[in-house]
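Trainee: the following comprises the amino acid sequence and a computationally predicted model.
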Amino acid sequence: MTSGAGTPAGSAAPAGAASSRVVLLTLASGQFLMALDSSVMNVSIATVAEDVGTTVTGIQGAITAYTLVMAMFMIPGGKVGALIGRKRAFLIGCVIYGCGSLITALAPNLTVLMLGWSFLEGVGAALILPAIVALVAGNFPTERRPAAYGLVAAAAAVAIAVGPLVGGIATTYFSWRWVFAGEVLIVLGILVLSRRVADAPVETRPRIDLVGAVISALGLGIFVYGVLRSSEWGWFLPKPGAPAWLGISLVVWLMLAGLFLLWLFLRWEARLVERHKEPLVDPELLRNRQLTGGLTMFFFQYLVQMGVFFVVPLYLSVALGLSAVKTGVYILPLSLTLLAAAVLIPRFLPDASPRRVVRLGVLALLVGAVALMAALDTDAGPEIVTVPLLLIGLGMGALASQLGAVTVSAVPDEQSSEVGGVQNAVTNLGASIGTALAGSIMIAALTASFVTTVEQNQAIPSEVKSQATVKLESGVPFMSDAQLQTALDEAGTSPELASAALDANAEARLDGLRAALAILAFAALIALFFTQRIPTTQPLAAKSGG
């Protein structure tokens, strides 16, 4: 039941402004911590691999496993909050996550690292993230929720933006292990501050649908695994040596299998509802126009957001050769407009149309991606990313200021944890597809451009061209000039051929980056067509049962 201005019955919203700030700081810190892990170690992969006695592929596998565990357990994690209480689920998730961070900080080898980072932190995140969505709804009245959700979502995006900087500083001057040790301290701080967080008592003890939990976990896990393998195996046509069935890349079959299992999951849930049993997710939720509109926009936001966070660091660190620390500094402007929009829009425009704000946010993402695509040039410096990133940050902040309140207000408060699980599963899918899509499009365009340049270069002998083309068509790696020069020197390439290869690589790199940004801009354009489902007035709390 709801009472007052949208606070669940039986719970009291924090009384004073100071208490509200502490609650918001606690929940935003939890969201910041979850997102930090996704970006902080990307600049330190080689160092971590060497330190724990494995390969870069091994560490990338650990990152993949972390994403998979989160995706698989996000929907069941949301239901656990309704089963044991949202606050308790949040605290248990923090403890599990903190234990995982501590084990990772002390990990002597890849197996221990995967236990701490990939499994324990993934399970902890699956409990924490849906609980945060429900706890914001339970601790803030309806009119303050857009600002609260905006700040919590902004904390996640800021973590992704500052992650490379934090990871770069730690790896360069200290050790990557200090990042995870720092996460343990943040978890302890969250546990101390969480005393101010109010929780709605669980009036009825729902049964958890174990069959549905298994089917949804397998469906999401298999689908995301397929997406994550796309750059290595190929989206449709298999790359040389990649697994295939009936001449088609295994990625297609994994994604189809995942989608079939998710369809099966929804049919199972509908059957439970018909029998008056407790479903893991009520299929009726997906017929809610406002909720599906919010979830769709979340999907596109994270697809574009993670694609940008994949492309821009590559341009700065590889194409321009900047250090991890400098790369992080040049990404920071995005955080400024993101925070400003997420906090100031609800404060100064509390009655603004959510649909209009979301549309303007998507347009800012679109213009930012196009501006960055247009600015890329062989003679361009790192400063060209500043204005596009300010625009992209503005768009992200505008979306963050509205979408959380839109999705949660579409359902009764007692379903907020359930919605939190679905919402985070959708954002996880968007993030995975955004990174994989940007990466695979970039490599495909890079390869095509490099091969074309080699074939058109008159200075390269025809027999060398034919040999090079066969080898290159399986995929050209995204390499800096220094890395390519080293490889050419080791191969004993003549100065003329080396110069031609370096020129081809520089131009192909930019073609790859432009292609990736073009697909992200196209995704933002598609998102505009789905904004129609976002309400035109600030949503009131959904009444219980309606």
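Mentor: Happy to help now that I have it.

Trainee: from here on, just use CA atoms for contacts and neighbour counts.
Mentor: Will do.

Trainee: state the pLDDT value of the spatially most central residue of the chain.
Mentor: The chain has Ala431 as the residue nearest its centroid, 3.7 Å off, counting by Cα atoms, centre = their mean. Model confidence at Ala431, given as pLDDT, is 84.

Trainee: wouldn't it be in contact with Leu303 here?
Mentor: Yes: if you go by Cα atoms under 8 Å, Ala431 and Leu303 touch, sitting 4.9 Å apart.

Trainee: so how far is Gly168 from Ala244?
Mentor: 38 Å (Cα to Cα, to the nearest Å).

Trainee: give me the low-pLDDT residue ranges for the stretch 351-500 of the chain?
Mentor: 413, 454, 457-481, 484, 488, 491-494 (pLDDT under 70).

Trainee: please enumerate the strands of the chain.
Mentor: 2-3, 7-8, 244-245, 248-249 (DSSP state E).

Trainee: what pairs with the last one, parallel or antiparallel?
Mentor: Paired strands of strand 248-249, with direction, are strand 244-245 (antiparallel) (DSSP bridges).

Trainee: give me the below-cutoff pLDDT ranges for the stretch 101-250 of the chain.
Mentor: 200-206.

Trainee: in it, which spans are helices?
Mentor: 110-113, 121-139, 145-173, 177-193, 210-228, 230-233, 250-274 (DSSP state H, counting those that start in this stretch).

Trainee: do the same with the stretch 401-546 of the chain
Mentor: 416-456, 462-472, 481-490, 495-528.

Trainee: by how many degrees do the last one and helix 481-490 diverge?
Mentor: What it means is helix 495-528. If you take axes from the mean of the first three to the mean of the last three Cα atoms, to 10 degrees, helix 495-528 sits at 140 degrees to helix 481-490.

Trainee: and helix 495-528, what other elements does it pack with?
Mentor: Where contact means 3 or more Cα pairs under 8 Å, 6 or more residues apart in numbering; DSSP states H and E, helix 495-528 is packed against helix 289-314, helix 354-375, helix 416-456, helix 481-490.

Trainee: so which of those gets nearest Asp511?
Mentor: helix 416-456 (6.0 Å; Cα to Cα).

Trainee: Val166: neighbour count?
Mentor: The number of residues packed near Val166 is 22, by other Cα atoms under 10 Å.

Trainee: give me the neighbour count for Glu490.
Mentor: 9.

Trainee: ok, Arg289 next?
Mentor: 16.

Trainee: for it, give its distance to Val211.
Mentor: 27 Å.

Trainee: most tightly packed of the helices of the stretch 401-546 of the chain?
Mentor: helix 416-456 (a mean of 24; mean count of other Cα atoms under 10 Å).

Trainee: now that helix and helix 495-528, what's the angle there?
Mentor: Using the same axes, to 10 degrees: helix 416-456 against helix 495-528 is 150 degrees.

Trainee: number of residues surrounding the nearest residue to Phe236 once chain neighbours are set aside?
Mentor: For Phe236, ignoring the flanking residues on the chain, the nearest one in space by Cα to Cα, 6 or more residues apart in numbering is Ser249 at 5.1 Å. Ser249 has 21 neighbours, counted by other Cα under 10 Å.

Trainee: give me the beta-bridge partners of Ser249?
Mentor: Applying DSSP bridges, one finds that Ser249 bridges with Ala244.

Trainee: going forward, count from 130.
Mentor: Sure thing, new numbering starts at 130, so read that last one as Ser378.

Trainee: who are the contact partners of it?
Mentor: 362-368, 371-372 (Cα atoms under 8 Å, 6 or more residues apart in numbering).

Trainee: neighbour-wise, which one of the residues you listed leads?
Mentor: Gly363 (24 neighbours).

Trainee: noted, bye for now.
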